[in-house]
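Trainee: I would like the atomic coordinates for the input below:
(one chain, ligands or ions: 1)
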Amino acid sequence: MDTPATGSAAPSRGTGNLTYGILAGVAIVGVIFAFSGSAVMPNNWYALFKAVHVLGAVIWVGGGVSIMIHAIRGQRAYKPEDIVTVAKQAAFMGEKVFAPVGLITFLMGIAMMLNTSWGWGHFWIVAGLIGYASTFIVGIAILSPMAKKIDESAEKNGPTHPETMALIERIMLIARFDVAVLMLVVLDMVTKPFA
Ligand code: HEM
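Mentor: Below is the predicted model of the structure:
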């Protein structure tokens, strides 16, 4: 028989509405900023695309780093249960947040390029495209299925089972490189080297 949860507050509809309200406020201010006319932007649309591009990059890269920190903490403290929880959260974030936000970041990058006459031949643009492609492929083809495998193995064998642990070791290694690639793309975009 199901026992009703006691002592935990059910999420109220008001909280969700407040979140959407705050996000709408941020979006409105962003649009006002973008269309206020800037001395350093090629045009207003470019400013809007860039604002969305950079916000997307912040959410994507920041989210990835945050998950990585939690996973490393769990690994250092030797708490496999914690790492399995992080792996579950990473699988959710990867599919529901990073994949769509990464796609929007990429599309905004393309939209900016179409609003300038810089041309595509610069090192920093090519490196951004390669970085995006590599992290997109690694996320969809390796990290996401592997996080699901960890979840399944933890359910079936337990979080401390050698098979689960081996999968965790492997995903952590790949994810570390993936986050490093994302950070390199940010450095590349900010410094625009070998221009
Ligand atoms: C992993 C994917 C990417 C990340 C994390 C990322 C991140 C960033 C960041 C942080 C900036 C701000 C730099 C600054 O203002 O100094 C930026 C700017 C920019 N990015 Fe990206 N980017 C990514 C992919 C791309 C792609 C694929 C393209 C285009 C093909 C692109 C085109 C641009 C352009 C045109 C700017 C504006 C440069 C400027 O106005 O100075 N980005 N990006």
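
Trainee: please make it C-alpha for all contacts and neighbour counts, starting now.
Mentor: Will do.

Trainee: which residues does the residue most central in space within the chain contact?
Mentor: For the chain, the residue nearest the mean C-alpha position is Trp60 (2.5 Å; C-alpha atoms, centre = their mean). For Trp60, the contacting residues are 97-98, 101-102, by C-alpha atoms under 8 Å, 6 or more residues apart in numbering.

Trainee: ditto for Phe136
Mentor: So Phe136 contacts 99, 102 (C-alpha under 8 Å, 6+ apart).

Trainee: just to revisit the earlier point, tell me the secondary structure at the residue nearest to the centre of the chain.
Mentor: Counting by DSSP: H, G, I helix; E, B strand; the rest coil, the backbone at Trp60 sits in helix.

Trainee: Trp120: what secondary structure?
Mentor: coil.

Trainee: contact residues of this protein facing the ligand?
Mentor: 54, 57, 106, 109-110, 112-113, 125, 128-129, 131-132, 182, 185-186, 189-190 (C-alpha under 6 Å from any ligand atom).

Trainee: is there a quick PyMOL command that grabs whichever of these are buried?
Mentor: Filtering those down to the buried ones (16 or more other C-alpha atoms under 10 Å) takes a single PyMOL command:
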select buried, resi 57+106+109+110+112+113+125+128+131+132+182+185+186
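
Trainee: of the residues of the chain next to the ligand, which belong to helices?
Mentor: The helices, defined by DSSP state H, take in 54, 57, 106, 109-110, 112-113, 125, 128-129, 131-132, 182, 185-186, 189-190 from those.

Trainee: nearest residue to Ala71 other than its sequence neighbours?
Mentor: Ile83 (5.5 Å; C-alpha to C-alpha, 6 or more residues apart in numbering).

Trainee: now do the contacts for that neighbour.
Mentor: Ile83 sits next to 70-71, 74-75, 168 when contact means C-alpha under 8 Å, 6+ apart.

Trainee: out of these, which sit inside helices?
Mentor: 70-71, 74-75, 168.

Trainee: would TSV of those with pLDDT be doable?
Mentor: Below are those laid out as TSV (pLDDT from 0 to 100):
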residue	pLDDT
His70	92
Ala71	88
Gly74	87
Gln75	84
Ile168	88
